[in-house]
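A.B. asks: The sequence and its predicted three-dimensional model are supplied below.
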Amino acid sequence: MDLKINMDTLELIKKLVSVPAVSGTEDNLQDVLREILEPIGTVSTDSMNNLFCTVGEGYHFLLDAHTDEIGFVVTEITDSGFLRVSNCGGIDRRLLLAAEVSVWGKREVRGVISTLPPHLQKDGDESKVPEIDEIAIDIGMTHDEAASTISVGDRVTFAHYFTELLDGRISSNCLDDRAGCAAIILALNAVKDLPVKVTAMFSSQEEVGIRGAKVGPFGKNIDEAIAVDVSFGYTPDCKKEECGELSKGAMIGISPILDNGISKGLISAAEEAGVQYQTEIMNGVTGTNADVISITESGIKCGLVSIPLKYMHTPIEVIDVKDVESTANVIAAYIREKAGVLNA
């Protein structure tokens, strides 16, 4: 049976996706995380803007999920009041035209990415994908009005929405990796009274080069780690063997760069606890923080558990809340089982 989760998962995720956290500007989300985590354990931050919450003593587990989301940075306010931007992270340029965005200046300013009506397009225009430095954001302001509220360097996100779909599925623009953050919070809350030490690391700047996780574990004497991220959920345009399926549970990673003992232990713990899971086979690097955590200091044994997600790096990412809970339960079951062995 699943371990008891003493939090409302849907409301937790909704709270985590409500604030912007483009790479390098994770502070607003840190404030939300502090409010959630301070009743659970000891909270701290480092100079890379990683946030940590630690509970217990003894054998030391690290749980990691990244806080940042993809977005843009303002590079220019034009004479006519439009904004020019560059990307922060892997933006799919096909999605840009006519998208709704939020500019996070002195206050939130809503805008749209401008697009040429089909009536005015020339032959071939409909098949062109603009470069990011070619787009313009229309915020409905003059240059002076815009400059009084927005500065070069301010971040821009796709408009934040939280849409409840059928059968426990939800859609939002930054479930990568707020869903992973939610899973870690749930797992941490479930194991906080076990006779082991657990540190949750909510790492920064994953979307711009896996930066926060490269340094976050230093000096913490970590015995083993589990990274939590999202992975590809199956849709008809994907190869089924390369994807997980929504509503089928956590995706336990198996890869040459992951510790085989942890991968097997996660599977064993899930089966023993009756937690639904699926496996994700990777032939090398995982594209997650596990890639760098595993080679931090003299090396840290690292596993990976992922949440299946459809439409990654788009404004309409979709997950099943039950998969977030499955991920938390797999991790909690693994730590509980390991704690029993260590303290037998």
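C.D. replies: Thanks, I have the structure now. Numbers count the residues shown, from 1 in each chain.

A.B. asks: buried sites along stretch 36-44?
C.D. replies: Of the residues in stretch 36-44, Ile36, Leu37, Gly41, Val43 count as buried by neighbour count, 16 or more other Cβ atoms under 10 Å. All C-beta atoms are positioned from the backbone trio N, CA, C, and that covers glycine.

A.B. asks: hang on, the last one in a strand?
C.D. replies: The one in question is Val43. Yes. Counting by DSSP: H, G, I helix; E, B strand; the rest coil, Val43 is found in a strand.

A.B. asks: Looks like it contacts Ile36 (just checking).
C.D. replies: No. Taking contacts as Cβ atoms under 8 Å, Val43 lies outside contact range of Ile36: 9.6 Å.

A.B. asks: for the buried residues of stretch 36-44, which one is nearest Val129?
C.D. replies: Nearest to Val129 among these: Ile36, at 39.2 Å, using Cβ to Cβ.

A.B. asks: Just the element for the closest one, please.
C.D. replies: helix 27-37 (DSSP states H and E).

A.B. asks: What is that helix packed up against?
C.D. replies: Helix 27-37 makes packing contacts with helix 9-16, strand 42-45, strand 51-55, helix 175-191, strand 197-203 when contacts are defined by 3 or more Cβ pairs under 8 Å, 6 or more residues apart in numbering; DSSP states H and E.

A.B. asks: Can you add distance to Trp104 and mean pLDDT and give these back as TSV?
C.D. replies: Shown next, in TSV, are the helices and strands packed on helix 27-37 (distance: least, Cβ to Cβ, whole Å; pLDDT from 0 to 100):
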stretch	distance to Trp104	mean pLDDT
helix 9-16	17	94
strand 42-45	20	96
strand 51-55	19	97
helix 175-191	17	95
strand 197-203	19	97
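
A.B. asks: Of those, give the one that comes closest to Thr286.
C.D. replies: Across those, Thr286 has its closest neighbour in helix 175-191 (13.1 Å, Cβ to Cβ).

A.B. asks: Helix 27-37 and that closest one, what's the angle between them?
C.D. replies: 20 degrees (axes from the mean of the first three to the mean of the last three Cα atoms, to 10 degrees).

A.B. asks: For the strand or helix carrying Val101, which strands pair with it and how are they oriented?
C.D. replies: Using DSSP H and E, Val101 sits in strand 100-104. Here strand 100-104 is paired, per DSSP bridges, with strand 108-113 (antiparallel), strand 155-158 (antiparallel).

A.B. asks: Adding distance to Glu325, write those strands out as CSV.
C.D. replies: Below are the strands paired with strand 100-104 laid out as CSV (distance: least, Cβ to Cβ, whole Å):
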stretch, distance to Glu325
strand 108-113, 31
strand 155-158, 26
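
A.B. asks: which stretches of the stretch 51-200 of the chain have low pLDDT?
C.D. replies: Applying pLDDT under 70 to the stretch 51-200 of the chain picks out residues 115-127.

A.B. asks: tell me the contacts of the residue most central in space within the chain?
C.D. replies: The chain has Asp177 as the residue nearest its centroid, 1.0 Å off, counting by Cα atoms, centre = their mean. Taking Cβ atoms under 8 Å, 6 or more residues apart in numbering, we find Asp177 in contact with Ala65, His66, Thr67, Glu206, Val228, Asp229, Val230.

A.B. asks: Over to Glu297?
C.D. replies: Taking Cβ under 8 Å, 6+ apart as the criterion, Glu297 is in contact with Pro217, Phe218.

A.B. asks: Give me the neighbour count for the residue lying closest to Glu69 once chain neighbours are set aside.
C.D. replies: Distances taken as Cβ to Cβ, 6 or more residues apart in numbering put Cys174 closest to Glu69, at 3.9 Å, once the chain neighbours are dropped. As a burial measure, Cys174 scores 27 neighbours (other Cβ atoms under 10 Å).

A.B. asks: for Glu164, same thing?
C.D. replies: Glu164, neighbours per other Cβ under 10 Å, totals 11.

A.B. asks: Which of the residues in the longest helix anywhere in the chain are classified as buried?
C.D. replies: As assigned by DSSP state H, the longest helix anywhere in the chain is helix 321-342. Across helix 321-342, burial judged by 16+ other Cβ under 10 Å covers 321-339.

A.B. asks: Right, I'll call it a day here.
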